[in-house]
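# need a structure here:
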Amino acid sequence: MRAISLTPFSTISAALAAAGLLAGCEVEPDSNALVIASQGNRPFGGVILGDPAQRAFACDHGYVDWQIPSNPRALPLLFVHASSKKTWETAFDGSRDGFVPIFLHRGYATYTTDLPRTGQAGQGCAPSSYDPDEQWSIQASVTSWRYGTWLPGEEAPTFYPGVQFPIDDPAALDEFYRIQTPEFDAPENEDVETDALAVLLDEIGPAIMITHSSTGIRGWITALKSDRLAAIISYEPGDFIYPAGELPPPLPMANGGLQTPGREVPLEEFLALTRMPIQIVWGDYIPRALDPRHIGPLGTLDSRRRNVERARLMVEAINRHGGDAHNVILPDIGITGNTHFPMLDLNNVEIADLLSEFFAEKGLDRR
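Numbers count the residues shown, from 1 in each chain. As a prediction, the model looks like this:
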């Protein structure tokens, strides 16, 4: 395939070059140009239901977009989103690169997925329904994703001081409100999705998987099904696994209840997580202690608090069995203001730099 030369989205080099060419001027090569050797998209995995001779259905596949730069590093990045591909593509203000273009420029091939029954992979084998009232409201999104709080009866949100989001940009806010897509978190969906991801890993070879939010558990489960994962990086995952017989005690909740820290899997399966580097990353504004006010519309604040603790417990279990896992809380290392979407925040280059440092430390950045 003919190579395509692209410049960073956040510059106007391409526009200037185009203008020069239109004017018949000779243009100097752009030293920052990104050369894409291959790009495309396709389904992966899936099954066929029914009678192929009569009436059959191809369904439960995923869908992947890929870009491979010239002279790529040895390990590609496999991005798995929870809300939409937007998570990994372009920042909310539209003027800054997201993780896909950032890491393409750093020499990594990128694969960005829609999981079975969602987005471009919506051709599922099971019926589904969509009720907008059951999805996130814009008020709940502000609070849950920690841009600030927006409680019932308030006409506008109260943003957190120092939040890494362009809060004075109405277009960025409007875009943020519109990225949530329906998610299906039943065990059946997790099984279908991780089956498909295992197929994709067989097809593209060893890769670094990068997950976010509800796809965190998809990463852990995929590791149990595939030996093609070189590492997992998970931003604010929502669920966790532990070896059978080693499940920690329940965690107290702000509403007075108790939460099981996760699910048990056989030890021989859990050991898959000890064979690769793992990094779990948390943003800012997550409570450090139980607060009885964090119920109802503020309930996700207590949920994030417990998730940080659950991640710590899983990391301890991985390392206890000889693994190499790390639970990183950004404010603890001097990086502040981050939301549930650190890969899209105003300081996302700093977040990307932290990830590049991890790749270098673990020998994952080789060519």
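# pLDDT on stretch 133-148, on average?
Taken as a whole, stretch 133-148 has an average pLDDT of 88.
# hmm, who's touching it?
149-152, 154, 157-160, 163, 165, 167, 176-177, 180, 182, 283-286, 297-298, 300-301, 304, 339-341 (Cβ atoms under 8 Å, 6 or more residues apart in numbering). Using the backbone N, CA and C atoms, a C-beta is placed for each residue, glycine as well.
# among the residues you listed, which ones are in helices?
Phe176, Tyr177, Thr300, Leu301, Arg304 (DSSP state H).
# buried ones among these?
By neighbour count, with 16 or more other Cβ atoms under 10 Å, the ones in helices among the contacts of stretch 133-148 hold Phe176, Thr300, Leu301, Arg304 as buried.
# check contacts around the last one.
Read that as Arg304. Neighbours of Arg304 in contact, by Cβ under 8 Å, 6+ apart: Arg146, Glu236, Trp282, Ile286, Pro287, His340.
# next, count neighbours for the third one.
Here the neighbour count serves as a burial measure; for Trp282 (other Cβ atoms under 10 Å) it reads 23.
# ok, it - contacts?
Glu236, Arg304, Val308, Ala311, Asn327, Val328, Ile329, Leu330.
# how about the residues you listed, which pair is most distant?
Arg304 and Val328 (14.6 Å; Cβ to Cβ).
# what average pLDDT does the helix or strand where Ile280 lies get?
Following DSSP states H and E, the helix or strand that holds Ile280 is strand 277-282. Strand 277-282 shows a mean pLDDT of 98.
# same question for stretch 108-124.
Rounded mean pLDDT across stretch 108-124 is 94.
# next: stretch 260-268.
Mean predicted lDDT for stretch 260-268 stands at 98.
# determine how far the last residue of it lies from the first.
22 Å (Cα to Cα, to the nearest Å).
# please apply the same query to stretch 86-101.
This stretch, stretch 86-101, spans 12 Å end to end (Cα to Cα).
# where exactly do the strands run in the stretch 51-200 of the chain?
55-59, 62-69, 77-80, 110-114, 148-149, 158-159 (DSSP state E, counting those that start in this stretch).
# tell me the most buried of these?
Stretch with highest mean neighbour count among those: strand 77-80 (a mean of 26; mean count of other Cβ atoms under 10 Å).
# ranges for the helices of the stretch 201-350 of the chain?
Counting by DSSP state H, counting those that start in this stretch, the stretch 201-350 of the chain has helices at residues 216-225, 267-270, 299-320, 348-361.
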